[in-house]
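Student: dropping the sequence and predicted coords here.
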Amino acid sequence: MTGPVQNVPFSPAAPYKFCPADGTRLEAPRPSGGATCPLCGRSWYRNSAPAVGAVIVRDGRALVTVRAIEPEKGRIDLPGGFLEVGEHPADGLVREVKEELGVEAKVLGNPVLLATHTYGEDGNWVLAIGFRVRLKDENIHPTDDVAEIKWVSLEELDSLDFAWEHDKRLVRAALENGDGGS
Ligand SMILES: [Zn+2]
């Protein structure tokens, strides 16, 4: 960054204007939403970004985190994050849990929740995928973007300020089922 950041409007859903391969201005988008580059012929689409979240239940309580960073700093979240390019969702979640909690984790079974929501000031679209997760180690060391962890009961859920409503639903379902997969 060489100067002050300027306030440039950006639509989270509008087609891209320039080709990521060569920077040429793209043609007007087709009804499908794809926009073609007149130079290289590639078509470009906007998509939701996939993100994974972990529901971890132990002794009738679920692990939630307090966000240390924007967006939604200070609000309640679940361990997890955005997938890297080409990364399997389960592998990405193990990586994120290790990064945020400092422990190895095992993903249990199939995804338990799929939701779409917006993220950040631009309202970028996210596809959220939830998994039940078991921690292999109880020595949790919250790192980088986690301010604090809490083990919460079903009765406490409604008093917690979740950044994303679907995460609360995911935790509620896990606590009501009482299995947590462990
Ligand atoms: Zn191009």
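Tutor: Thanks, I have the structure now. Computed from a predicted model, the values in this text were never measured in an experiment. Numbers count the residues shown, from 1 in each chain.
Student: strand partners of the longest strand along the chain, parallel vs antiparallel please.
Tutor: For the chain, the strand that runs over the most residues, judged by DSSP state E, is strand 105-119. Using DSSP bridges, the strands paired with strand 105-119 are strand 124-135 (antiparallel).
Student: show the subsequent helix or strand relative to the strand it pairs with.
Tutor: strand 146-152 (DSSP states H and E).
Student: run the chain-centre distance for that next one.
Tutor: 17 Å (C-alpha atoms, centre = their mean, to the nearest Å).
Student: now do it, average pLDDT.
Tutor: Averaging pLDDT along strand 146-152 gives 95.
Student: contacts for it next, please.
Tutor: Residues from elsewhere that reach strand 146-152 (C-beta atoms under 8 Å, 6 or more residues apart in numbering): 58, 61-68, 74, 76, 79, 100-101, 140, 142, 160, 171. Backbone N, C-alpha and C define where each C-beta goes, glycine included.
Student: please point out which parts of the helix or strand following that strand sit buried.
Tutor: Later in the chain than strand 146-152, the nearest helix or strand by DSSP H and E is helix 165-177. Counting neighbours by 16 or more other C-beta atoms under 10 Å, one finds that the buried residues in helix 165-177 are 166-168, 170-171, 174-175.
Student: and which of those residues is nearest to the ion?
Tutor: residue 166 (36.2 Å; C-beta to the ion).
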